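# Need the 3D shape of this:
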Amino acid sequence: MSALQDQKVIVDDSNDGTVELAGQESEQTKPVSRFTRWYRSPLFNVIIAGLISFTQPGIWNALNNTGAGGQQEPYLVNGSNSLTFGIMVFGCTLFGILANKIGVKTVLIIGTLGYAPYSASLYVNNRYGTEWFVLFGGVTCGIAASALWASEGAIALGYGDVKDRGKFTGIWLGLRELGQLIGASIQLSLNVGSSSRGKVGYTTYLVLIGLQCLGLPLALLVSPPQKVIHSDGRKARDPTKNKTVKGEFAKAWALVKRKQMFLMIPILVGFAWNTTYLGIYMTKYFSVRARTLGSLVSGIAATFANIFWGWFYDLKIFSRPALAKICWAFFVVLMLGTFGWQVANEKFYGDSNPRVTLDWDLPGFGRGFASMVIMRFMNESHYMFVYWIVGAFFDDLETLTLAVSIVRTFESLGSCISFGIGAAQVPPMVNLIIAFSMFAFTIPATSVVVFMVPERPVDIRKIEDGINSDGEVVAGQEEQQQSSPSSIDVKPTAV
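The predicted structure follows:
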């Protein structure tokens, strides 16, 4: 085979008009080894993003899904979580904008620095009763989570092709649940003998803090988007070129005002309010070992949700619009039924005298345990659905980075309010009814969004550049494109 046959044309669409040939050296692209292609592949980067998510929010989830970070009473931890999400209301969008300016990888690294201090604060509180450190840990966790949530979602959705977005989202969120599975397994092994209510042992935290410290070295392995090599040899342009913070703020605001994003705000704010209630539910009615078992089983349920929906969303037997309608109808029916079941459980347990302590050795345990696991499964399914919807609307990395940060901003707003209510020591039934009502409130607007899902996502950057989804110059832009000395007569995705 000749040298020319080994070369692929790679177009740099950063408006400088250069064309690169894979296989040439100096100013052109150098040949790369099979290892480099794997190391720079979208799949490898999504796996690393998932492993980072495993060490950071995955371990955070492992602690919170035992109920109140493993503490005996939920109120201090709920207050700290409310502080965390309050910071994220502003931080997620800010870091999404900064990711388009200073780079997704840099923001990702920042996102690995604040979770371990929060877990350390829970250890100090558990062992020595120190409370101020828990609030400080909530601040560091809020800053780090703002950066991590804005960057990891952009990698999962933006590095791969449209056809792989369900699978990549499932890998990313599935690996995050690995943190809960491992963390919960450790917790269960250390607390298996505790059949009464209380807090988990402090040695639990030491192992989990060690796992969280792995996040930073993993983040250093991630490739910047312009260095990612796709299966067909394509390389993306550097998304940080010619960007200003002011300009990215304007783009983010314009994106919020787009109908499909604006109508998603209710589901982003209101869907997962039951998370706070479930933390209170676990601490109020379950023994320590039942809580750690709940963390493990709910992690398995969430992992199954990631794997199943990641596979299901990439099926070719349904169109994207039909798939969106089928999934949303399933979510609405199952969530309304589960909420009704949980209201009955809460009424039964709340009115019991003497006070109920659910343990796996006692009759009636399955009733209260199963509803919690189903709600955890549906919460993870919600995450998968929201990110798949965003990926169904938008195609380019810059827009997806901003869209993910906006999604996280409004999710954080909902979590901030819900954890604030949880910290206010309102009765569990009141907290559950609020969560039930908030989910019902999301149904009309989300249904409208579901009916707007297109068959193919839109590349906002190409539209702004006057190029349609097929790579052709649209009407009214031909003269400008032809007169530009940097334009070249090939499609932006040509190889």
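# Now stretch 252-271: average pLDDT?
What stretch 252-271 shows for mean pLDDT is 89.
# Over to stretch 154-172?
Averaging pLDDT along stretch 154-172 yields 83.
# For that stretch, measure first residue to last.
End-to-end span of stretch 154-172 (C-alpha to C-alpha, to the nearest Å): 11 Å.
# What ranges does the stretch 101-250 of the chain have for its helices?
Ranges of helices in the stretch 101-250 of the chain, per DSSP state H, counting those that start in this stretch, are 104-110, 115-128, 132-158, 165-191, 203-212, 215-219, 245-256.
# Give me the pLDDT value at Glu25.
As predicted, Glu25 sits at a pLDDT of 39.
# Between the helices of the stretch 101-250 of the chain, which one is closest to Phe369.
For Phe369, the closest of the helices of the stretch 101-250 of the chain is helix 165-191, at 13.9 Å, according to C-beta to C-beta. C-beta: built from backbone N, CA, C; applies to glycine.
# if we can go back for a sec, of the helices of the stretch 101-250 of the chain, which is nearest Leu296?
Across the helices of the stretch 101-250 of the chain, Leu296 has its closest neighbour in helix 165-191 (3.7 Å, C-beta to C-beta).
# Tell me which other helices or strands that closest one touches.
Packing partners of helix 165-191 (3 or more C-beta pairs under 8 Å, 6 or more residues apart in numbering; DSSP states H and E): helix 42-53, helix 59-64, helix 132-158, helix 203-212, helix 288-313, helix 365-393.
# Assess the claim that Lys243 and Ala99 are in contact.
No: with contact defined as C-beta atoms under 8 Å, Lys243 does not reach Ala99; the gap is 10.0 Å.
# okay, the helices of the stretch 101-250 of the chain in JSON lines with mean neighbour count next?
Shown next, in JSON lines, are the helices of the stretch 101-250 of the chain (neighbours: other C-beta atoms under 10 Å):
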{"stretch": "helix 104-110", "mean neighbour count": "23"}
{"stretch": "helix 115-128", "mean neighbour count": "22"}
{"stretch": "helix 132-158", "mean neighbour count": "25"}
{"stretch": "helix 165-191", "mean neighbour count": "24"}
{"stretch": "helix 203-212", "mean neighbour count": "19"}
{"stretch": "helix 215-219", "mean neighbour count": "20"}
{"stretch": "helix 245-256", "mean neighbour count": "15"}
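# Ala305 is nearest to which of these?
The nearest among those, by C-beta to C-beta, is helix 165-191 at 8.3 Å.
# what is the orientation angle of that closest one with helix 42-53?
Relative orientation of helix 165-191 versus helix 42-53 (axes from the mean of the first three to the mean of the last three C-alpha atoms, to 10 degrees): 30 degrees.
# just to revisit the earlier point, let me know which of the helices of the stretch 101-250 of the chain is the nearest to Pro457.
The nearest among those, by C-beta to C-beta, is helix 165-191 at 8.7 Å.
# re the thing from before, closest to Asn306 out of the helices of the stretch 101-250 of the chain?
With C-beta to C-beta as the measure, helix 165-191 is the member of the helices of the stretch 101-250 of the chain nearest Asn306 (3.6 Å).
# for the longest helix anywhere in the chain, what is the average pLDDT?
When the chain is parsed with DSSP state H, its longest helix is helix 320-350. Helix 320-350 carries an average pLDDT of 92.
# Buried ones in it, by neighbour count?
Residues of helix 320-350 classed as buried: 320, 323-325, 327-328, 331-332, 335, 338-339, 342, 345-346, 349 (neighbour count, 16 or more other C-beta atoms under 10 Å).
# now for it, which elements pack on it?
Packing partners of helix 320-350 (3+ C-beta pairs under 8 Å, 6+ apart): helix 274-285, helix 288-313, helix 365-393, helix 428-450.
# distance between the second one and the chain's centre?
The gap between where helix 288-313 is centred and where its chain is centred comes out at 15 Å by C-alpha atoms, centre = their mean, to the nearest Å.
# pLDDT of that helix, averaged?
What helix 288-313 shows for mean pLDDT is 86.
# tell me the angle of that helix relative to helix 165-191?
Orientation note: helix 288-313 sits at an angle of 170 degrees relative to helix 165-191 (the same axes, to 10 degrees).
# For the nearest residue to Met384 once chain neighbours are set aside, list the residues it contacts.
Distance criterion C-beta to C-beta, 6 or more residues apart in numbering; nearest residue to Met384, sequence neighbours excluded, is Trp309 at 4.2 Å. Taking C-beta atoms under 8 Å, 6 or more residues apart in numbering, we find Trp309 in contact with 166, 170, 327, 381, 384-385, 388.
# I'd like those written out as CSV, with distance to Thr130 added.
Shown next, in CSV, are those (distance: C-beta to C-beta, whole Å):
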residue, distance to Thr130
Gly166, 44
Gly170, 39
Cys327, 45
Ser381, 37
Met384, 38
Phe385, 40
Trp388, 42
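# Out of those, flag the one nearest to Gly210.
Gly170 (27.2 Å).
# Surely Ile326 touches Ile317?
No: taking contacts as C-beta under 8 Å, Ile326 lies outside contact range of Ile317: 10.9 Å.
# In terms of pLDDT, where does the nearest residue to Val297 once chain neighbours are set aside sit?
Leaving aside its sequence neighbours, Val297 sits nearest to Val373 (C-beta to C-beta, 6+ apart; 5.5 Å). Looking at Val373, its pLDDT is 91.
# Val373 contacts Phe304, doesn't it?
No: contact criterion C-beta under 8 Å: Val373 and Phe304 do not qualify, at 10.5 Å.
# got CSV for the helices of the stretch 101-250 of the chain, with distance to Ser412 too?
Output for the helices of the stretch 101-250 of the chain, formatted as CSV (distance: least, C-beta to C-beta, whole Å):
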stretch, distance to Ser412
helix 104-110, 16
helix 115-128, 15
helix 132-158, 8
helix 165-191, 17
helix 203-212, 20
helix 215-219, 20
helix 245-256, 15
